[in-house]
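Trainee: Got a sequence here, can you model it:
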Amino acid sequence: MTVTIETASNRHLDTLYEIERTCFKEEAFTKQQISILLADYNSICLIAKEDNQAVGFIIGTIGFERNSLTGHILTIDILPTHQRKNIGTRLLREIESLFKQKSVVACRLEVREDNIAAIILYEKLGYKKIGKLDNYYGSKHGFYFRKTLA
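Mentor: Modelled structure (predicted):
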């Protein structure tokens, strides 16, 4: 089965929200937050589909950090039934490519310290752990990762 990646829009809002809730439960973005990100000029939202059914998505924003354009991955969600099938890798590579087209020189993201599968993925794709984020996810700690794109 072929997985395709396309630009997400507000017509995908309900689907994205359901995937977000499935993946992150109490830490999930609200439907309103996702809607705002979908409409934000500085956001890039991509959806992965298998047989025209959404199986994951990624949302990133572009902003200035240290006088240069930096991408920030806000969420990457893959349905549990589709994890470990390289969908996360494809979504990350695609958004990084779009960031580069917009002159973004680095990308950053945060991850829960107990999300070992995600940490392995980020490190495999060249992200470096920069620091620890105490209580970033409520009572759970996180890590801050960064990757140079240019």
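Trainee: Can you point out the buried residues in stretch 80-97?
Mentor: 82, 83, 85, 87, 88, 90, 91, 92, 94, 95, 96 (16 or more other C-beta atoms under 10 Å). All C-beta spots, glycine's among them, are computed from the backbone N, C-alpha and C.
Trainee: Distance to residue 129 and pLDDT added to those residues, as JSON lines?
Mentor: Shown next, in JSON lines, are the buried residues of stretch 80-97 (distance: C-beta to C-beta, whole Å; pLDDT from 0 to 100):
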{"residue": "82", "distance to residue 129": "26", "pLDDT": "92"}
{"residue": "83", "distance to residue 129": "21", "pLDDT": "88"}
{"residue": "85", "distance to residue 129": "25", "pLDDT": "90"}
{"residue": "87", "distance to residue 129": "23", "pLDDT": "94"}
{"residue": "88", "distance to residue 129": "18", "pLDDT": "93"}
{"residue": "90", "distance to residue 129": "23", "pLDDT": "95"}
{"residue": "91", "distance to residue 129": "21", "pLDDT": "96"}
{"residue": "92", "distance to residue 129": "16", "pLDDT": "96"}
{"residue": "94", "distance to residue 129": "23", "pLDDT": "97"}
{"residue": "95", "distance to residue 129": "20", "pLDDT": "97"}
{"residue": "96", "distance to residue 129": "18", "pLDDT": "97"}
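Trainee: State the pLDDT value of the nearest residue to residue 126 once chain neighbours are set aside.
Mentor: Distance criterion C-beta to C-beta, 6 or more residues apart in numbering; nearest residue to residue 126, sequence neighbours excluded, is residue 147 at 5.1 Å. Note on residue 147: pLDDT of 96.
Trainee: Could you name the helices and strands sitting against the particular helix or strand that has residue 147 in it?
Mentor: Using DSSP states H and E, the element containing residue 147 is strand 140-148. Judged by 3 or more C-beta pairs under 8 Å, 6 or more residues apart in numbering; DSSP states H and E, strand 140-148 is in contact with strand 106-112, helix 116-124, strand 128-137.
Trainee: deepest of the ones you listed, which one?
Mentor: Comparing the helices and strands packed on strand 140-148 by mean neighbour count (mean count of other C-beta atoms under 10 Å), strand 106-112 comes out on top with a mean of 19.
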